[in-house]
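In: mind looking at a prediction? Sequence and model below.
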Amino acid sequence: MTAIVEREPAVRDSAAGLVANRLTELLSAHRTDDPQAFWRAQFDLGLAWVHFPEGHGGLGLPPRFQIQINDALTAAGASIANLARNVLGYGMGAPTVIAHGTEDQMGRWLRPLFAADEIWCQLFSEPGAGSDVAALATRAVRDGDEWVVTGQKVWTTLAHAARWGMLLARTDPDLPKHQGLTYFIVDMRQPGVEVRPLRQITGEAEFSEVYFAEARVRDADRLGEVGDGWRVALTTLMNERVAIGSSIPPRGGGAIADAVRVWKAKGHTDPVVREALIRLWVEAETLRLTNLRAAEMRSRGTPGPEGSTAKLHWAELNKRIYNLAVDLLGAEGLLYPSTYQLVLPEASTMGRRDPQKNFLRARANSIEGGTSEIMKNILGERVLGLPGEPRVDKDLPWTDLKR
């Protein structure tokens, strides 16, 4: 743990020492061969999201400490597989709950979420509302202390494994589309919720379509005020882009490691191929360092445009890396070792070690979490200050919109 203390200036020694002491206690007092019990203990010691408040998995410290915590746990042989197994809960659900939830909601959801006792999914996109999420049609009608939900969602990652879903629904169709929305956390295992797998190009059904037939949600499971769903959803969306595109692997790790491994295994000596690989390695390292700097500067709450920047660059770079990896495989790149048997995975399938599968899976990178075109719009308008695209429907009641 000394590396954490040495890396911090003297003014932060007390914080670094606190983290080091908690890490030492965690690793010495709790078994690493029982991952979920270990993750619960990690939460209780404030090492789940170190930038969260004390008592809710954190210590109220800058988020940069979390990177060092995860590195130290990995080096000690402790599993951090919960971050992938519950990727939507960890990267999107928890930040939204901490920003907009009540004390009771934080107390009920955050610990089992972090320990992967309860998997989360996101219920935003619909067949008629993808990039324009605010145009969604799923309705939630109040019935006393409950809401009755009817509608359809699509592209819902890990819906088949989820206990809770982050649901954005329309509660007032007479208001403009961004104003009549409310955000709920819905029980995915209740009557009235049907999950149907969608088979991907990889042969897996990592995501699904979800149907709500008068499913019920308690008003106590509403996040934020009625009609304030869009503001709450923005917290989820901005954290989604960070979760997808802002990973910080070890130097030379991640997707580029797969391409380098294939290059070495195949014994390529062509200098043109080597130069192409080196250029991609430099891009991957630049993105890694940019994400590291952004993580060190990030504060708790809704991230800034760095999430959109990272997500855009990561999506396009990932596709180019796996294009090269498959080219390096030659005829072997035509094979598909994983086979096309339908599989319902229990965790996100991004970043598996099979280049052929990653080549196919990477096609989704520029679509999921906001398309690359949407990311460019966000950066153009909010970072560069360019004029926005005309939005003639912004102030119209949702019921008057053409669908």
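Out: Perfect, thanks for sending it.

In: avg pLDDT for stretch 32-39?
Out: In this model, stretch 32-39 carries a mean pLDDT of 93.

In: contacts for it?
Out: In this structure, residues lying in contact with stretch 32-39 by Cβ atoms under 8 Å, 6 or more residues apart in numbering are 26, 30-31, 48, 76-79, 81-82, 114-117. C-beta coordinates here come from the backbone N, C-alpha and C atoms, glycine included.

In: now render the residues you listed as JSON lines, adding secondary structure, distance to Val141 and neighbour count.
Out: Formatted as JSON lines, the contacts of stretch 32-39 follow (DSSP: H, G, I helix; E, B strand; the rest coil; distance: Cβ to Cβ, whole Å; neighbours: other Cβ atoms under 10 Å):
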{"residue": "Leu26", "secondary structure": "helix", "distance to Val141": "46", "neighbour count": "22"}
{"residue": "His30", "secondary structure": "coil", "distance to Val141": "46", "neighbour count": "17"}
{"residue": "Arg31", "secondary structure": "coil", "distance to Val141": "48", "neighbour count": "10"}
{"residue": "Ala48", "secondary structure": "coil", "distance to Val141": "36", "neighbour count": "25"}
{"residue": "Ala76", "secondary structure": "coil", "distance to Val141": "51", "neighbour count": "12"}
{"residue": "Gly77", "secondary structure": "coil", "distance to Val141": "51", "neighbour count": "9"}
{"residue": "Ala78", "secondary structure": "coil", "distance to Val141": "46", "neighbour count": "21"}
{"residue": "Ser79", "secondary structure": "coil", "distance to Val141": "43", "neighbour count": "16"}
{"residue": "Ala81", "secondary structure": "coil", "distance to Val141": "40", "neighbour count": "12"}
{"residue": "Asn82", "secondary structure": "helix", "distance to Val141": "36", "neighbour count": "24"}
{"residue": "Phe114", "secondary structure": "helix", "distance to Val141": "33", "neighbour count": "26"}
{"residue": "Ala115", "secondary structure": "coil", "distance to Val141": "34", "neighbour count": "20"}
{"residue": "Ala116", "secondary structure": "coil", "distance to Val141": "33", "neighbour count": "22"}
{"residue": "Asp117", "secondary structure": "coil", "distance to Val141": "31", "neighbour count": "14"}
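
In: where is pLDDT lowest across those residues?
Out: Arg31 (88).

In: so who does Ala115 touch?
Out: Gln36, Trp39, Arg40, Phe43, Asn82.

In: burial of the third one, as a residue count?
Out: Spelled out, that is Arg40. By other Cβ atoms under 10 Å, the residues close to Arg40 number 18.

In: check the fourth one too.
Out: If you count neighbours by other Cβ under 10 Å, Phe43 ends up with 22.

In: next, the buried residues of the helix ranked longest in the chain.
Out: Counting residues, the longest helix found in the chain (DSSP state H) is helix 271-297. Neighbour-count burial for helix 271-297 flags Ala276, Leu277, Leu280, Trp281, Glu283, Ala284, Leu287, Arg288, Thr290, Asn291, Ala294, Ala295 (criterion: 16 or more other Cβ atoms under 10 Å).

In: from Val273, how far out is the third one?
Out: Yep, that's Leu280 we're talking about. Distance of Leu280 to Val273, computed by Cβ to Cβ, to the nearest Å: 11 Å.

In: and what of Thr371?
Out: 31 Å.

In: quick one: contacts of stretch 48-62?
Out: 15, 18-19, 22, 39, 42-43, 46-47, 63, 65-66, 69, 94, 98, 106-107, 110-111, 114, 296, 299-300.

In: nearest to Leu168 among the contacts of Ala115?
Out: Nearest to Leu168 among those is Asn82, at 25.0 Å by Cβ to Cβ.

In: spatially nearest residue to that closest one, not counting backbone neighbours?
Out: Once flanking residues are discounted, Asn82 sits nearest to Ala116: 4.2 Å by Cβ to Cβ, 6 or more residues apart in numbering.

In: can you list the domains in this protein?
Out: Split into domains by automatic domain parsing, the chain comes to 2-114, 120-228, 233-382.

In: out of those, which is closest to Pro397?
Out: Using Cβ to Cβ, the nearest of the domains of the chain to Pro397 is domain 120-228, at 5.2 Å.

In: may I have the distance across the closest one, first residue to last?
Out: Using Cα to Cα, to the nearest Å, the end-to-end distance of domain 120-228 comes to 21 Å.

In: next one: that domain to chain centre, how far?
Out: 17 Å (Cα atoms, centre = their mean, to the nearest Å).

In: now do stretch 331-342
Out: 27 Å.

In: grab the nearest non-local neighbour of the residue at minimal distance from the centre of the chain.
Out: Taking Cα atoms, centre = their mean, the centroid of the chain lies closest to Ala243, which sits 3.8 Å from it. Using Cβ to Cβ, 6+ apart and skipping residues adjacent in sequence, the residue nearest Ala243 is Gly91, 2.7 Å away.

In: next one: the one you found from Asn82, what distance?
Out: 11 Å.

In: go on, Ile185?
Out: 19 Å.

In: cool, and Leu324?
Out: The value you get for Leu324 to Asn82, if Cβ to Cβ is used, is 32 Å.

In: re earlier: from the contacts of stretch 32-39, which is closest to Ala364?
Out: Comparing those against Ala364 with Cβ to Cβ places Ala81 closest, at 21.5 Å.

In: what is the neighbour count of the nearest residue to the closest one once chain neighbours are set aside?
Out: Excluding the flanking residues, the one nearest Ala81 by Cβ to Cβ, 6+ apart is Pro35, at 6.6 Å. Pro35: 18 surrounding residues under other Cβ under 10 Å.

In: how about Thr399?
Out: 11.

In: do Asp354 as well
Out: 15.

In: can you show me the helices along the stretch 251-400 of the chain?
Out: 255-266, 271-297, 306-329, 355-361, 372-382 (DSSP state H, counting those that start in this stretch).

In: now the strands for the stretch 151-300 of the chain?
Out: Taking DSSP state E, counting those that start in this stretch, the strands of the stretch 151-300 of the chain run over residues 164-170, 181-187, 193-198, 207-218, 222-223.
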